[in-house]
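Chemist: What follows is a predicted protein model with its sequence.
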Amino acid sequence: MQKALDISRWQDTLDADAARRAGITTILCRAVYGTGKDARWDRFAPAVKAAGLRLGAYGFATWHYKSVNSGSTGAARAAMLAQTDALVALALDAGADSWVAVDQELEAGQSMGLDRAANTALLAESCERIRAAGLHPCVYCSAGWADARIDTAALEAPLW
């Protein structure tokens, strides 16, 4: 079994060497929130690589938020393309060699702006863009989110 962890701006420090010694093999660093680079990406991603660990990346998606897409699938798709491309660019630049994940959930005060079918289609397209870049896509969400918001049978990417 491999051990992995995820990390983002919510953690102040990362001792990647200590993680490796503890049996961690992979660290997935949040690369983007929407299209904005995570505040710790430039520090954490190189530390993961320097410690000899596998580097994964994830992007916190917001294209499904009604506040972002106003209920329009077209607006959601435009936001998805920009957010996915920002994630892919950072993952490629840093040499990501593990999963590149789309993190999807709702933060407090946000509401869903897509139905299940549209959400699944955009997630699938995002994962295909990640795959086309030579990376390994997955979707990062809770089991409850996957059951309620994604047609997992139509998604050709693993769930994390």
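Modeler: Sure thing, it's come through.

Chemist: And for the spatially closest residue to C141 that is not a sequence neighbour, the neighbour number?
Modeler: Nearest non-adjacent residue to C141, counting by C-beta to C-beta, 6 or more residues apart in numbering: Q104, 5.0 Å away. In short, each C-beta sits where N, CA and C put it, glycine included. Per other C-beta atoms under 10 Å, the neighbour tally for Q104 reads 23.

Chemist: Look up how far A19 lies from Q104.
Modeler: In this view, Q104 and A19 are 26 Å apart by C-beta to C-beta, to the nearest Å.

Chemist: Then T73?
Modeler: Distance from T73 to A19, by C-beta to C-beta: 40 Å.

Chemist: Show me which of the two is the more surrounded one.
Modeler: A19 (21 against 18).

Chemist: what's the spacing between the more buried one and L5?
Modeler: 7 Å.

Chemist: try A101
Modeler: Taking C-beta to C-beta, one finds A101 at 13 Å from L5.

Chemist: Can you work out which residues contact both of the two?
Modeler: Contact with both A101 and L5 is made by residues L28, according to C-beta atoms under 8 Å, 6 or more residues apart in numbering.

Chemist: who's in contact with the lengthiest helix in the chain?
Modeler: Taking DSSP state H as the criterion, the chain has its longest helix at helix 73-94. Residues outside helix 73-94 that contact it (C-beta under 8 Å, 6+ apart) are 31-32, 34-37, 41, 45-46, 49, 55, 57-59, 61-64, 68-69, 100, 102, 113-114, 118, 122, 125-126, 129-130, 133-135.

Chemist: what number of residues lie near A146?
Modeler: There are 15 residues near A146, going by other C-beta under 10 Å.

Chemist: Check which helices and strands whichever strand or helix holds it sits against.
Modeler: Assigned by DSSP states H and E, A146 belongs to helix 143-149. The contact analysis (3 or more C-beta pairs under 8 Å, 6 or more residues apart in numbering; DSSP states H and E) places helix 143-149 against helix 116-132.

Chemist: how does it look with 7 Å?
Modeler: Taking 3 or more C-beta pairs under 7 Å, 6 or more residues apart in numbering; DSSP states H and E as the contact definition, helix 143-149 has no neighbouring helices or strands.

Chemist: any idea of the mean pLDDT in that helix?
Modeler: Per-residue pLDDT over helix 143-149 has a mean of 96.

Chemist: Determine how far the lengthiest strand in the chain lies from the middle of the whole chain.
Modeler: Longest strand in the chain, counting residues (DSSP state E): strand 24-33. Counting by C-alpha atoms, centre = their mean, to the nearest Å, strand 24-33 is centred 9 Å from the centre of its parent chain.
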